[in-house]
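[1] Can you look at this prediction? I've put the sequence above it.
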Amino acid sequence: MEWRFLKLECRQTYQELETNRSQEAYSRGDVAQAEELLLNEAEADRPLYDDIKSRGIEYARLRLVEEPLTPYLNYELLAYRIRAKMGEVIEIVRCDAVRGLTGDDYFDFLLFDRHTALIHDYGDTGLQSGGWVTEDPAVLASLERTATGLRRVALTLGQFLAAK
């Protein structure tokens, strides 16, 4: 990467293959433990954040949300607060600001500059079952148009939290 790492997340809930201790704590109502575990998880990524910052690379996450928020998204907001402090740009797009989350228009992907994308595949079970990498210029241009359009209507994490 030379200048940008962009992540789009659309699903309103995620299931992980492995146990996620912070999510389990949150589900039990132990928000303090969930926050502590999320902070530890984020700190493990500190070298990545430091590298991105030292190289001047934009690291942005676009998160589409439907309201009312799912329990999973409320949990994710805890993680977003921590990661935003570490330098990740987090932008929230309310579903009513776009056509909706159904259909094939919006799906999870990572875009590395303008040369590579990783598109996630959740299969029929809702569990991330893999994904595929593409360097196809037409696909990359389409993904970038999607992300750019969403960013035009996005709120910063701070704006979103203040409006909740």
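    Cool, got the structure.
[2] which parts of stretch 64-72 are buried?
    Of the residues in stretch 64-72, 64, 65, 72 count as buried by neighbour count, 16 or more other Cβ atoms under 10 Å. The way it works is simple: take the backbone N, C-alpha and C, and place the C-beta from them, glycine included.
[3] which residues sit in contact with the second one?
    Put plainly, it is residue 65. The neighbourhood of residue 65, defined by Cβ atoms under 8 Å, 6 or more residues apart in numbering, consists of 12, 73, 92, 93, 94, 95.
[4] Those residues in helices, which ones?
    residue 73 (DSSP state H).
[5] Using PDB, write out every CA atom in the strand or helix carrying residue 47.
    Per DSSP states H and E: residue 47 is located in helix 46-54. Extracted C-alpha coordinates of helix 46-54, given in PDB (Å, rounded to 0.1, in the frame of the first residue of the first chain):
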ATOM      1  CA  ARG A  46      -0.600  -1.200  17.600                       C
ATOM      2  CA  PRO A  47       2.400  -2.100  15.300                       C
ATOM      3  CA  LEU A  48       0.100  -2.000  12.300                       C
ATOM      4  CA  TYR A  49      -1.400   1.400  13.300                       C
ATOM      5  CA  ASP A  50       2.100   2.800  13.900                       C
ATOM      6  CA  ASP A  51       3.300   1.600  10.600                       C
ATOM      7  CA  ILE A  52       0.300   3.000   8.700                       C
ATOM      8  CA  LYS A  53       0.700   6.300  10.500                       C
ATOM      9  CA  SER A  54       4.500   6.500   9.800                       C
END
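[6] Name the residues that touch it?
    With contact meaning Cβ under 8 Å, 6+ apart, helix 46-54 is reached by 5, 59, 86, 87, 88.
[7] ok, now stretch 149-164?
    8, 60, 62, 64, 77, 80-81, 84, 90-94, 97-98.
[8] ranking those by neighbours, who comes first?
    residue 8 (25 neighbours; other Cβ atoms under 10 Å).
[9] Perfect, that will be all.
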